[in-house]
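Chemist: coordinates for the following, if possible.
(one chain, ligands or ions: 1)
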Amino acid sequence: MSIAFDIRHLGGTHEIELFNRIPYALNDEIADDLELGRRRLEWTWLAIHEGHLLGRLALWSPKGATDATQFDIFDLDDALSDDEQRAVGAALLGAARGEVIAGQATPPEFARYLPADWRDRPAERRATETIMALLEASGARFVVERLRLEWEPTTRIPAVDRRLSFRAFEDEHEVLDLTTRALTGTLDAHSRGELSHRSPREVALTQFDEEFAQYLTPRQWWRVALDSAGGAVGFVFPARNSYHHIIAYVGVLPEYRGNGYIDGILTEGTRVLAEADAPHIRASTDVGNVPMANAFARAGYDTFQRLINMEWPLARP
Ligand SMILES: CC(C)(COP(=O)(O)OP(=O)(O)OC[C@H]1O[C@@H](n2cnc3c(N)ncnc32)[C@H](O)[C@@H]1OP(=O)(O)O)[C@@H](O)C(=O)NCCC(=O)NCCS
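Modeler: Residues are numbered from 1 along each chain as shown. The predicted model follows:
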């Protein structure tokens with residue numbers, strides 16, 4: 001490694017073009033994120049050699065949060081050799097950890113957004129493997145690979161399931177009751193990780209407070225699925241986050257699983273968003289959540305990207 005470079009923060013929005021010289025799935029969102037306070041100049045790091053961008057790293061949070069919650073940009077120039085990529089990446093990671101990440105009680109989760117076929121793209125694969133190795137060397141561990149899914153309005157909405165009817169949730173107690181019960185036997189890696197040290201009720205409460213309660217779209221969109229006897233079978237949470245209309249969460253209660261109910265419930269969520277004129281609908285699920293991934297595919301949701309999550313484990317008492 002002989003190339004010399006400086007590590008510095010983004011100087012301002014006038015440098016976004018320089019920052020975005022490395023292609024990445026989130027580049028289109030960076031200007032708005034900076035303007036709206038979801039990104040901060042002091043949460044960006046650039047490796048620069050004679051005015052040329054060799055690598056970059058950035059953190060994200062919801063607007064108004066104190067700490068960064070996502071570490072979702074970490075890119076290296078493809079023209080660098082393996083040794084140079086490692087040196088640039090290690091310097092960027094060292095700066096971000098030293099200045100911000102190590103000082104947070106909960107470190108941000110690492111997220112890398114990738115083309116769906118990233119393993120078949122040599123440059124994408126090399127950079128991703130280098131970055132993952134650097135993170136592992138710093139104590140982070142792989143959490144999960146996820147499918148990022150998208151439904152387009154030109155896609156036919158599947159037929160309704162005549163076994164089911166739908167209504168809004170009665171109140172927050174019912175939201176917590178059903179989402180708590182649906183955690184039993186979940187195949188979702190983040191939920192399983194949370195359940196290893198907290199009760200299902202605590203996990204559901206956090207998901208409600210930090211996610212569902214934050215959506216500004218109507219709560220009447222959230223639907224409970226009932227069977228012919230009026231019993232709750234499952235639920236779906238259609239919503240809009242800061243960027244897209246989304247299926248935020250969907251579940252079938254454990255005693256009803258294996259009957260194909262997920263298809264009708266997902267159809268209801270898609271219908272709610274389509275009727276709200278969603279230009280498209282986003283969703284995601286773990287590669288390992290096979291029943292859910294298959295249900296999304298049957299409902300016409302295409303995998304347009306993949307996502308890798310890693311985390312620094314917290315010391316727990
Ligand atoms: C994913 C989920 C919605 C699937 O619902 P479902 O209505 O049971 O789905 P299907 O009826 O299509 O199930 C297909 C197969 O997967 C099996 N299966 C479904 N959920 C399963 C689970 N959690 N664990 C193991 N197997 C499961 C079914 O038994 C069935 O098996 P079979 O083909 O041998 O009969 C449900 O498991 C669930 O609510 N999980 C927890 C919440 C969750 O993961 N939500 C998605 C977050 S993105």
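
Chemist: enumerate the residues of this protein near the ligand.
Modeler: Contact residues (CB under 6 Å from any ligand atom) of the chain with the ligand: 182, 185-188, 250-252, 257-262, 285, 289, 291-292, 295. (Glycine included, C-beta is placed from N, CA and C.)

Chemist: weed out the non-buried ones from the residues you listed.
Modeler: When the residues of the chain next to the ligand are checked for burial by 16 or more other CB atoms under 10 Å, the buried set is 182, 186, 188, 250-252, 257, 261-262, 285, 289, 292, 295.

Chemist: what would those look like in JSON lines with distance to Leu93, pLDDT and secondary structure?
Modeler: JSON lines is the format used below for those (distance: CB to CB, whole Å; pLDDT from 0 to 100; DSSP: H, G, I helix; E, B strand; the rest coil):
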{"residue": "Ala182", "distance to Leu93": "37", "pLDDT": "98", "secondary structure": "helix"}
{"residue": "Thr186", "distance to Leu93": "32", "pLDDT": "98", "secondary structure": "coil"}
{"residue": "Asp188", "distance to Leu93": "28", "pLDDT": "98", "secondary structure": "coil"}
{"residue": "Val250", "distance to Leu93": "35", "pLDDT": "98", "secondary structure": "strand"}
{"residue": "Gly251", "distance to Leu93": "36", "pLDDT": "98", "secondary structure": "strand"}
{"residue": "Val252", "distance to Leu93": "40", "pLDDT": "98", "secondary structure": "strand"}
{"residue": "Arg257", "distance to Leu93": "41", "pLDDT": "98", "secondary structure": "coil"}
{"residue": "Tyr261", "distance to Leu93": "44", "pLDDT": "98", "secondary structure": "helix"}
{"residue": "Ile262", "distance to Leu93": "39", "pLDDT": "98", "secondary structure": "helix"}
{"residue": "Thr285", "distance to Leu93": "29", "pLDDT": "98", "secondary structure": "strand"}
{"residue": "Asn289", "distance to Leu93": "30", "pLDDT": "98", "secondary structure": "coil"}
{"residue": "Met292", "distance to Leu93": "33", "pLDDT": "98", "secondary structure": "helix"}
{"residue": "Ala295", "distance to Leu93": "37", "pLDDT": "98", "secondary structure": "helix"}
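
Chemist: among these, which pair sits farthest apart?
Modeler: Using CB to CB, the two most remote members of these are Asp188 and Tyr261, lying 17.4 Å apart.

Chemist: ok, which stretches of the stretch 1-150 of the chain are helices?
Modeler: With DSSP state H, counting those that start in this stretch as the criterion, the stretch 1-150 of the chain has helices at 16-19, 30-35, 82-99, 122-137.

Chemist: same list, the ones you listed, but as a markdown table with mean pLDDT and mean neighbour count please.
Modeler: Below are these laid out as a markdown table (pLDDT from 0 to 100; neighbours: other CB atoms under 10 Å):
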| stretch | mean pLDDT | mean neighbour count |
| --- | --- | --- |
| helix 16-19 | 98 | 15 |
| helix 30-35 | 97 | 16 |
| helix 82-99 | 98 | 18 |
| helix 122-137 | 96 | 16 |
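
Chemist: closest one to Phe235 among those helices?
Modeler: The closest of the helices of the stretch 1-150 of the chain to Phe235 is helix 30-35. By CB to CB, the value is 30.7 Å.

Chemist: how far off centre is that closest one?
Modeler: For helix 30-35, the gap between its own C-alpha mean and the chain's C-alpha mean amounts to 18 Å (CA atoms, centre = their mean, to the nearest Å).

Chemist: then stretch 27-41?
Modeler: 17 Å.

Chemist: now do it: everything it contacts.
Modeler: 9-13, 16, 19-20, 58-64, 242-243 (CB atoms under 8 Å, 6 or more residues apart in numbering).

Chemist: switch the cut-off to 10 Å
Modeler: Applying CB atoms under 10 Å, 6 or more residues apart in numbering, the external contacts of stretch 27-41 come out as 9-13, 15-17, 19-21, 24, 26, 43-44, 58-65, 68-70, 72-73, 75, 100, 242-243.

Chemist: residues contacting the residue of the stretch 1-150 of the chain found nearest the ligand?
Modeler: Closest to the ligand within the stretch 1-150 of the chain is Arg146: 8.7 Å, counting by CB to the nearest ligand atom. Arg146 is in contact with 111, 113, 188-190, 284-289, 293, 303, 305-309, counting by CB under 10 Å, 6+ apart.

Chemist: which residue, neighbours along the chain excluded, lies closest to it?
Modeler: Leu307 (4.4 Å; CB to CB, 6 or more residues apart in numbering).

Chemist: right, and that neighbour touches Ala189 too?
Modeler: No - using CB atoms under 10 Å, Leu307 is not in contact with Ala189, being 11.6 Å away.

Chemist: who touches both of these two?
Modeler: Common neighbours of Leu307 and Ala189 (CB under 10 Å, 6+ apart) are Val144, Glu145, Arg146, Asp286, Val287.
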